[in-house]
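**Student:** Need coordinates for the following:
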Amino acid sequence: MKFDFNSAIGLLLALIGIVGGHLLEGGHIDSLLQVTAFVIVSGGTMGAVMLQTPVKVFWESLRMLKWIFVPPEYASESLIRQVTAWSSAVRKDGLLVLDNGMEEIHDPFVKKGIQLLVDGTPSDKIRDMLEVDINAFEDFGRQAAKVWEAAGGYSPTIGILGAVLGLIHVMENLSDPSKLGGGIAVAFVATIYGVGFANLVFLPISNKLKTLISQQVVWREMLIDGLVAIAEGENPRIIEEKLLGYVV
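**Tutor:** Numbering: from 1, shown residues only. Modelled structure (predicted):
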C-alpha cells in the first residue's frame, strides 16, 4: 500500500490557510486552542453520530479512516495481466488448472470468482452471484462513508451549541469581568471548530471514501467481466482488449 500524499498535503494546506490567515490578521495560535470548545464539538458530534449509526457500520467507518492516507491498492493493469494469464492457462489446460493456484489468492471476492469458474458454473450465474456481493459491498461501504458525512452535518450545529453555552457562561459572570474573556473565547472558537471540522475534515473524508469505494466496485466489475469471458471461452486477446476499456 502506498501513502496518499495528496490527502496529507490537502489537510496541511487547509490548516495553514486557516491558521496562517489568523496570524496575518494579528491573532495568536493560543486563541484558537480551547479545550472546552474542542470537548463540546468533538464529544457532541461523536455522540450524535453514534446515536444514529448501527454499531457494525460505525466501527467500519473507523476502520476505513486509514484509507484516507493509505488507500487500498486495486491496480487495473495488474488485474488485466492476471485475467489474461488465467485465460491463456484455461485455454491450454482447462478450467481445473486454476485450482492449483487457489492458495495464493487472498482476496475473498477473487477466490469466490475463481472457485465458481473452476466448478463449471454457467457464466450468467457467475455474474449474478458476484454482482450480489458487489452490491452488498458497495451498500455497506457507502453506509460507513456516510457516517463521516453525518458528522459533517452535525458538527456546525454542535459548534453553535458550544457558542450558546459560552455566552451563557458570560451572562452568568457579568459581575466578574475576569471570567468574561474565557466564556467569549469558548463561544467563538466552538463555532470555528464546528464549521472547520465539518468542511476541512469530516465532509472531505466522506467524499474521499465514496470515491475509493467506487474505484473498488469498478475493479470488481472488471474482474467479473474477465471471469465471465473466460467461462464463455473467449480469446485471451479479446478479453484483454475488453478489460482495457476500463483503464482511464
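
**Student:** quick one: furthest residue from the center of this protein?
**Tutor:** What lies farthest from the middle of the chain is Ser175; by Cα atoms, centre = their mean that is 49.8 Å.

**Student:** Secondary structure class of that one, three-state.
**Tutor:** coil (DSSP: H, G, I helix; E, B strand; the rest coil).

**Student:** and it, what is it in contact with?
**Tutor:** By Cβ atoms under 8 Å, 6 or more residues apart in numbering, no residues touch Ser175. Yep, even glycine has a C-beta here, placed from its N, CA and C like the rest.

**Student:** List the buried residues of the helix or strand bottoming out on mean pLDDT in the chain.
**Tutor:** When each helix and strand of the chain is scored by mean pLDDT, DSSP states H and E, helix 180-197 comes last, with a mean of 80. Using 16 or more other Cβ atoms under 10 Å as the test for burial, helix 180-197 gives 183, 185-194, 196-197.

**Student:** from these, which is closest to Val90?
**Tutor:** Among the buried residues of helix 180-197, Phe197 lies closest to Val90 (Cβ to Cβ), at 52.0 Å.

**Student:** wouldn't that closest one be in contact with Phe38 here?
**Tutor:** No: Phe197 lies out of contact with Phe38 (Cβ atoms under 8 Å); the separation is 9.5 Å.

**Student:** angle of the longest helix seen in the chain against helix 180-197?
**Tutor:** With secondary structure taken from DSSP state H, the chain has its longest helix at helix 123-172. Here the directions of helix 123-172 and helix 180-197 differ by 170 degrees (axes from the mean of the first three to the mean of the last three Cα atoms, to 10 degrees).

**Student:** picking up where we left off before, could you measure from the residue farthest from the centre of the chain over to Val164?
**Tutor:** Distance, Ser175 to Val164, by Cβ to Cβ, to the nearest Å: 21 Å.

**Student:** before we move on, what about Val170?
**Tutor:** Relative to Val164, and taking Cβ to Cβ, Val170 is found at 11 Å.

**Student:** ok, now Asp4?
**Tutor:** 38 Å.

**Student:** What lies in contact with whatever helix or strand Lys242 lives in?
**Tutor:** Lys242 is part of helix 236-244 when elements are defined by DSSP states H and E. Under the criterion Cβ under 8 Å, 6+ apart, residues 76, 79-80, 83-84, 87-88, 91, 222, 225-226, 229-230, 234 lie in contact with helix 236-244.
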